[in-house]
Structure formats: C-alpha cells, structure tokens
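Participant: Provided below for reference: sequence and predicted model.
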Amino acid sequence: MSNLDAAFQALADPTRRALLARLALGETTVMELARPFDMTQPAISRHLRVLEHARLIVRRAEGTRRPCRLAPGAIAEIDQWLAMLREALARNYDRLDDVLAAMKPDKPKVKQRKVKR
Amino acid sequence: MSKLVLKTEGDRFIVVTRRFAATPELVYRAHTEPALIQRWMLGPEGWTMPVCICEARPGGKIRFEWANGKGGGFYLTGEFLELLPFSRIVHVERMHLPDATPDNHVETQFAPDGAGTLMTMRMTLPDPQTRAAMLATGMEHGMEASYVRLEGMA
C-alpha cells in the first residue's frame, strides 16, 4: 500500500517521468541522465532517490559510480502507460468517428469545395 | 470500427494506424479545418481546445492550445511542410510543457480503404531519448484520464 503511494508520488513529477522514460532505454549513469536536463547532478540525484525509494528503479555500485536502471516491476508500469497513450489516442479517434459521421450529409461527390482559410 | 494500432519502429519511429468509415476527403478535412479539429483532438475527457490555428498550406502555422477548465493547460506549435489533398500531410510539431520538446516530424497518409479510409501516421523523432520522452508525455495524458476515472469511482 505505502509503496503504491510512493510510486504515485514519484510519478507525479514530470522530471521523474522523463528520467524513467530515459531509463526505459537501458542502464545509465547519473552523469548521462543529467545531460539532456537543465539540472545539476545533485538535483538529478535527489529525483533518483525518490524513484529508488518508490522501487521504480534499482542502482548498483560500480566503483564510485552508481548506475541506475528500471526496476523489473516498473517495466510493467511502463507497458501500462503505453497502453494508456494508446487509449488517449483511441478516444480521440472514436470522437473523430462521430465528427465524420456528422459530416456525412455532404454529398461524397463534392470535388471543388470552397477553400477554407 | 477497427481498432487503433500503435507501434514503435526502430528506435526513432512511432507508427499509428486507424481505419475510418468516412472517405479520405472527410478524414483529411477533419485534420485540417480548425472547427472540426476542435471537436475531436482533445485527449482525455474534460479537456477542450480553446485555441486552434491550423493554416493548411506549406509553411502554414499550427497552434493548438488545450485546457482542462481547472487552470491546467499546455500547447503545441508546428508548421506544415507539404499538403496533398486529400491523401497526405507532412508537418513538424513540438509540445510546450512549457519548455519546447524537440521537433516531431509527422507524415499522415489517408488511403482509400473500401468505402472508408486507412490512416497511417508516422512520427519521426530526432533521437531515441526524445521518443522515450514523448511516449512519457503521452502516458501523462493517459494517466490524467485514469485519475479522472478514479475520482469518479471514489
């Protein structure tokens, strides 16, 4: 229960979601993670601690570096998000079906239609 | 109606296909005329598009602004590169959240499919990281919808 709360809290921040998206591509060091963001490494490290606490990522020690990767369970979460993106698009296109049906009264043979601005 | 298919190709492409019962002409118009776009390109329930600028000509500007009526909102800008009525649209777009995301190059094709249309939308991102970030953004949109559903169930 408390872990689910932590996960939702961790996911509520756009930077952390972007970090997860980056980690979906594979294991990465903090330095590499920080590069595309306009943030310092300590700031990124703080976000990573939140993600680690929520058990969305795991880190291992490699000398002085602590590369991160998605926790195995988080992959399922990401898959679920992709399904949700699909759902948001699907909803748009379902609405488009209705819009198109309402346009139907137009004769299909219309060829030169007045140019809309 | 047949279902939407969304798949990733290589590490920089996202391809979405969807069939519509209407002709390519109608589907094309619904993608280029602001009054029509504002009726369907809305994402989760509760969102509207108060601003829709869509200058459907090469070099024409695109600007879509979304709002959830509770102070939340974001916008997208872009430019048309090529338009071939009623079969093909090529444009670039970026989201502003509020910082601009890297350009997403989008080719949308409308092919006759029986009495209807097969739409194929191919998005090309500048690099794998951008695609991952874009998917995350879309996820965010989807999550908003699921939060709303959760609220409704409470």
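Facilitator: All right, it came through fine. Numbers count the residues shown, from 1 in each chain, chains lettered A, B, ... in the order given.

Participant: was I right about residue B:62 contacting residue B:93?
Facilitator: Yes - contact criterion C-beta atoms under 8 Å: residue B:62 and residue B:93 qualify, at 6.3 Å. Placement of C-beta: from N, CA and C, glycine included.

Participant: in the chain, what spans have low per-residue confidence?
Facilitator: Assuming you mean chain A. By pLDDT under 70, the low-scoring segments of chain A are A:1-8, A:12, A:73-85, A:104-117.

Participant: That was the other one, I meant chain B.
Facilitator: Using pLDDT under 70, chain B drops low at B:1-2, B:11, B:97-99, B:127-154.

Participant: Please repeat the previous calculation with a cut-off of 80.
Facilitator: Along chain B, the parts satisfying pLDDT under 80 run over B:1-3, B:6-12, B:43-45, B:72, B:95-102, B:125-154.

Participant: show me where it has helices.
Facilitator: B:24-32, B:34-40, B:128-153 (DSSP state H).

Participant: Quick one: distance of stretch B:65-77 to the chain centre.
Facilitator: Computed by C-alpha atoms, centre = their mean, to the nearest Å, the chain-centroid distance of stretch B:65-77 equals 15 Å.

Participant: tally of neighbours for residue 19?
Facilitator: This is for chain A. 27 (other C-beta atoms under 10 Å in any protein chain shown).

Participant: wrong one, I was asking about chain B
Facilitator: 19.

Participant: That one against residue B:112, yeah?
Facilitator: No - using C-beta under 8 Å, residue B:19 makes no contact with residue B:112, being 11.1 Å away.

Participant: Pull up the overlap in contacts between these two.
Facilitator: residue B:118 (C-beta atoms under 8 Å, 6 or more residues apart in numbering or on different chains).

Participant: Any idea which residue is closest to the centre of chain B?
Facilitator: Taking C-alpha atoms, centre = their mean, the centroid of chain B lies closest to residue B:41, which sits 6.9 Å from it.

Participant: Name all residues that make contact with the closest residue to it other than its chain neighbours.
Facilitator: What sits nearest to residue B:41 in space, not counting adjacent residues and going by C-beta to C-beta, 6 or more residues apart in numbering or on different chains, is residue A:92, at 5.8 Å. By C-beta under 8 Å, 6+ apart, the contact set of residue A:92 is B:40-43.

Participant: Over to residue A:16?
Facilitator: Residue A:16 makes contact with A:10, A:47, A:50-51 under the criterion C-beta under 8 Å, 6+ apart.

Participant: Show me what residue B:123 is bridged to.
Facilitator: Taking DSSP bridges as the rule, residue B:123 bridges to residue B:14, residue B:106.

Participant: What is the neighbour count of it?
Facilitator: Neighbours around residue B:123, by other C-beta under 10 Å: 19.

Participant: Make sure it is actually in contact with residue B:9.
Facilitator: No - between residue B:123 and residue B:9 there is no contact, the gap being 9.8 Å when judged by C-beta under 8 Å.

Participant: joint contacts of these two?
Facilitator: With C-beta under 8 Å, 6+ apart, residue B:123 and residue B:9 have common neighbours residue B:15.

Participant: Can you work out which residues contact both of residue B:62 and residue B:93?
Facilitator: Joint contacts of residue B:62 and residue B:93 (C-beta under 8 Å, 6+ apart) are B:76-78.

Participant: ok, and the most crowded of those?
Facilitator: Ranking the shared contacts of residue B:62 and residue B:93 using other C-beta under 10 Å puts residue B:78 first, with 21 neighbours.

Participant: How much space separates that one from residue B:95?
Facilitator: Going from residue B:78 to residue B:95 by C-beta to C-beta, to the nearest Å gives 10 Å.

Participant: And for residue A:100?
Facilitator: From residue A:100 to residue B:95 the distance is 26 Å (C-beta to C-beta).
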